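In: coords below, sequence missing:
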C-alpha cells in the first residue's frame, strides 16, 4: 500500500491543531475577576435581580442547528404606544429602575382613574400605584396596563434559555384617540418610528453595561445569518415586527381606501430600513388592506365600536363557506363607556349566531402589500386576518412557494396550520397556562413531526391579553426552586426586585422574567417532549426566515404567450378572449361560454419542464377541472385534477413533465355562468 507524501500525512495533525485553537478562541471569555462574558461590567444600582447563575449555553448542536426558545410575539416598547399613557412604566430608563417602573400619573393615589384597567379587567381599577421597590399590586398576570418587559426581566428570560425574541412595534390610533390620558400624537406610523428608535436605544443601554457597542446580550438583527451568529454566541437575537391597525396610513373610511400603491411602497421601504422583517397587514380593525378576525365578548363589542369610529362602518358578517371561522361577535353588549363614544342614535347592528365570518378579505391593495413584502424577503403575520383574508393570503403565498408566513400567538383559525407548515412557515402558541399550552402542543405534535418543525410561544407581554394564572402552591407538582434551565447549564432562583419576590406557583406569569419558570411549569405538566419542541423553536423560526430571504419567484412561462379557448363569452364592450388570461394584467380576464365542457389552451414558446400551474379564478370558477399537458398539441396527458374547486387562487403542483402546451379543461361549473380566469401561471416547479 502506497503511503501518502509526508506533507499530506501532516494534514490531520494540522487540522487537529487548528480545531484546538478555534475551540480556545470560541470559548466564552472570562474576566480577570472570574466573571463570564454574560456578566456586565457595570449594572445600574439599585436594580432588579436576575436570579439565574451559570454560563448561558453557546454554539450549535452536532448537526449545526442553533438551540433555544423563541418568543415570536412580544411588545417591549408598547409603553410608548397608544398616546404614551396606556401601558404604565418603561422597559428601561437612564435614571434607573425606580424611574422605569413607576405607574402612570393618573393612577395615583389609588388607581381610581385607571380607566383601561376597568374596561379590560373589570372592577373599579383601584390598586397600589407604587412600583419599585414594593410592587404590591403590579406587575401581575391579570394587570394589563403595567410594564412587564423591564430589561432585567428580558435578561432573565435570555439567561433561562430564550434565544430569539420578536419585538412587535404596536399601537392603535383609535384607542389612543378615545383614551382620555395621553402625552403625544396618536399617529400610528409616528409611534412605530419612536418604538423602533427606543428599541435601538435599549440595545445601546445594554451595550454600555457590557463595555461598549456590540458587547451586550440584546442584539437587534436584520437577517437570518446575523441572527444565527448571535444565537451561536449565546446572545439574544431580537427581530423587529409591526402589529398596527393602519400601517402606512392604510385605513379605510366608508369602504374607501385612504392609501394607494405608492404609499405602500414607501411604507414598506421605510419599515424595512428601520429593520422590520415581519408584520401584520391588519390588526383589530378592518383597514384598506384586509378584514380582521373579530375579537369576541365585551372586548370584541368595544373594538367593534372602535371599528365604527375609525372606518364609519361596523363589522359585517356572513355565513362561512369553508371549515374555518372567525370569532363570534354580538353575543355581549359593549360597555357603556364605549357606547358613549358613538354618535347619538348609532349602535352596533345585531349579528346572526351562525354568521361567523367577516365579509371583508384581502383587498387588491392588501395583495399588493403582501407581494411587496415577499419581494423584500419579509414574513407575513397571519394572525388577526379574517378567514377570507388569511385564505387568500395563503393562496398567494402558495402560488409562489413563498415560505415566509408566521402564526405567532394563536390568532388564526387552527385549521390553517398544516398549510402554514407545508409552505415552510412557523407556528407559535399564545402564552397560555401550562395545562392548556401542553394540551395544545400535544394535539399538534403530529404536524410538527410530519414537517420537522420546532415550536414557539408568543408571550404578547404588554399586549393587553392576560397571562397564565398561578396553578397554586397546593398543586401536586409545583415548580420547585431552584431548578435548572432546559439545557441543564444554569440554575434559576425565584425572581426578585426591590422587596418583592415572585413565584410562578402563586403569582403566575406576572412579568417577562418568569418565562423560564413558566417553561419549567410546562415541563412538569406537559413533559420533557413539549419543552424539547420549544427548544428547537429558534432553529425552526430562523429556517423560515432564511428561506424567505433566499426565495426567488419563478418565471411565469405563460405570460405573453399565445392562447386559445373552446369558446369566449360575447361582450360588446370588453375583450374576454383567451389571451386576456396570459397578458400579465390581473384586471383583465378570459370568460368562456356558459356550459360545462370548456377549455383554455396555452402555447409555450418551446417544450420545457412544467411542474406548477396557478389559476386566479373570477367568481365564475370550476367545481371540477383538470390540467393537461402535451408536447405536440394532439396527445394530451392529465397531470392534475380536482372535483372540489372553490375558486380564488388555485395552485396545482405535480411532478415536473415536458410540455409545449398546457390546457385547463373545465368539467363542471360552480356557478350558472361559464369559466372565467383572470390570470394563469405556468412554472417549472
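Out: Now that the structure is in, tell me what you want to look at. The shown structure was predicted, so the numbers you read here are calculated from the model rather than taken from an experiment.

In: ranges for the strands of the stretch 451-600 of the chain?
Out: 456-458, 483-484, 491-492, 495-497, 500-502, 562-565, 590-591, 598-617 (DSSP state E, counting those that start in this stretch).

In: what about the second one, average pLDDT?
Out: Averaged over strand 483-484, pLDDT sits at 98.

In: what's the helix or strand for residue 241?
Out: strand 236-244 (DSSP states H and E).

In: ditto for residue 624
Out: strand 622-630.

In: make sure residue 679 is actually in contact with residue 584.
Out: Yes: using Cβ atoms under 8 Å, residue 679 and residue 584 qualify as a contacting pair, with a distance of 7.4 Å. Heads up, the C-betas are built off the backbone N, CA and C, glycines and all.

In: out of those two, which sits in the more crowded spot?
Out: Remark: of residue 679 and residue 584, residue 679 carries more neighbours, 24 against 11, as counted by other Cβ atoms under 10 Å.

In: just the helices in the stretch 451-600 of the chain please.
Out: Counting by DSSP state H, counting those that start in this stretch, the segments of the stretch 451-600 of the chain that form helices are 504-507, 515-526, 528-535, 537-550.

In: pipe these into TSV and attach mean pLDDT per row.
Out: Output for these, formatted as TSV (pLDDT from 0 to 100):
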stretch	mean pLDDT
helix 504-507	97
helix 515-526	98
helix 528-535	98
helix 537-550	98
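
In: tabulate those helices (CSV), appending mean neighbour count.
Out: As requested, the helices of the stretch 451-600 of the chain are arranged in CSV below (neighbours: other Cβ atoms under 10 Å):
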stretch, mean neighbour count
helix 504-507, 20
helix 515-526, 24
helix 528-535, 19
helix 537-550, 23
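
In: what's the end-to-end length of stretch 479-498?
Out: Taking Cα to Cα, to the nearest Å, stretch 479-498 runs 23 Å from one end to the other.

In: go through it and flag the buried ones.
Out: 479, 481, 483, 485, 486, 490, 492, 494, 495, 497, 498 (16 or more other Cβ atoms under 10 Å).

In: roughly how far out does that stretch sit from the chain middle?
Out: How far stretch 479-498 lies from its chain's middle: 29 Å, per Cα atoms, centre = their mean, to the nearest Å.

In: low-confidence bits of the stretch 51-200 of the chain, can you list those?
Out: For the stretch 51-200 of the chain, the stretches with pLDDT under 70 are 122.

In: also the chain?
Out: Residues of the chain that meet the cut-off, pLDDT under 70, sit at 1-34, 122.

In: can you mark which positions in stretch 422-442 are buried?
Out: Quick answer for stretch 422-442 (16+ other Cβ under 10 Å): 423-434, 437-438, 440-441.

In: ugh, typo on my part, it should be stretch 308-328
Out: Here stretch 308-328 shows 308-311, 314-317, 320, 324-326, 328 as buried, counting by 16+ other Cβ under 10 Å.

In: need those residues in a markdown table with distance to residue 187 and secondary structure, can you?
Out: As requested, the buried residues of stretch 308-328 are arranged in a markdown table below (distance: Cβ to Cβ, whole Å; DSSP: H, G, I helix; E, B strand; the rest coil):
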| residue | distance to residue 187 | secondary structure |
| --- | --- | --- |
| 308 | 20 | helix |
| 309 | 16 | helix |
| 310 | 13 | helix |
| 311 | 17 | helix |
| 314 | 24 | coil |
| 315 | 24 | coil |
| 316 | 27 | coil |
| 317 | 30 | strand |
| 320 | 35 | coil |
| 324 | 34 | coil |
| 325 | 34 | coil |
| 326 | 29 | coil |
| 328 | 33 | coil |
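
In: of all these, which comes closest to residue 455?
Out: residue 324 (21.6 Å; Cβ to Cβ).

In: how many residues are close by the closest residue to that closest one other than its chain neighbours?
Out: Nearest residue to residue 324, sequence neighbours excluded (Cβ to Cβ, 6 or more residues apart in numbering): residue 413, at 4.0 Å. Using other Cβ under 10 Å, residue 413 has 22 neighbouring residues.
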